[in-house]
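Trainee: Test case, fold it:
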Amino acid sequence: MARETTSAKRVAAEARLLLPTLTAVLRRASPALADQVLARIADNATKPWQRLPALSMALAACARLSAHDIGSCGVHERANRLLWAELSSFAPSLTVVDLVLAELLIIAPEASRSCPPA
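Mentor: Okay, the predicted model is just below:
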């Protein structure tokens with residue numbers, strides 16, 4: 001399984017250190033994205049790999065917020081780009097889904113304001 005690889009174990013160990021900081025940064029920039037990260041942190045997580053979905057969402061959210069020039073996420077996106085690339089090498093589908101979800105959560109409020117009521 002991918003979660004048992006050396007790479008996955010290394011990324012999971014980094015997740016433990018990064019998630020509190022990334023979640024705090026996201027909370028200031030986009031509470032909806034921070035909520036997505038927190039929803040992926042299992043209350044009863046006993047295995048390091050169980051933090052990988054939360055890290056994937058946090059890094060995707062930082063990347064999309066940085067692309068939209070929102071908040072201070074650019075610094076965190078650049079600092080963790082190689083880690084995110086490593087995560088995407090063993091969980092590509094998770095990475096893609098999180099990028100799309102992050103983008104939708106960023107543009108949804110903007111899109112709803114520009115759509116006339118039905």
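Trainee: Not including adjacent chain positions, what is the nearest residue to residue 87?
Mentor: Counting by C-beta to C-beta, 6 or more residues apart in numbering, residue 87 lies nearest to residue 11, which is 5.1 Å off, once chain neighbours are set aside. To be clear about C-beta, it is placed using only N, CA and C from the backbone, and glycine gets the same treatment.
Trainee: contacting residues around the one you found?
Mentor: Taking C-beta atoms under 8 Å, 6 or more residues apart in numbering as the criterion, residue 11 is in contact with 52, 55, 83, 86, 87.
Trainee: Helix or strand: which one has the closest residue to the first one other than its chain neighbours?
Mentor: Think residue 52. Taking C-beta to C-beta, 6+ apart, and ignoring the residues beside it in sequence, residue 52 has residue 12 as its nearest neighbour in space, at 5.8 Å. Using DSSP states H and E, residue 12 sits in helix 6-29.
Trainee: Name the residues of that helix that are buried.
Mentor: For helix 6-29, a neighbour-count test (16 or more other C-beta atoms under 10 Å) marks 8, 11, 12, 14, 15, 18, 19, 22, 23, 25, 26, 29 as buried.
Trainee: of those, closest to residue 68?
Mentor: When the buried residues of helix 6-29 are compared for distance to residue 68 (C-beta to C-beta), residue 29 comes out closest, at 9.5 Å.
Trainee: and the closest residue to the closest one other than its chain neighbours, how many residues sit next to it?
Mentor: Counting by C-beta to C-beta, 6+ apart, residue 71 is the residue found nearest to residue 29 once chain neighbours are left out, at 2.8 Å. A count of nearby residues for residue 71, using other C-beta atoms under 10 Å, gives 19.
Trainee: does residue 71 count as helix, strand or coil?
Mentor: Reducing the assignment at residue 71 to three states with DSSP: H, G, I helix; E, B strand; the rest coil gives coil.
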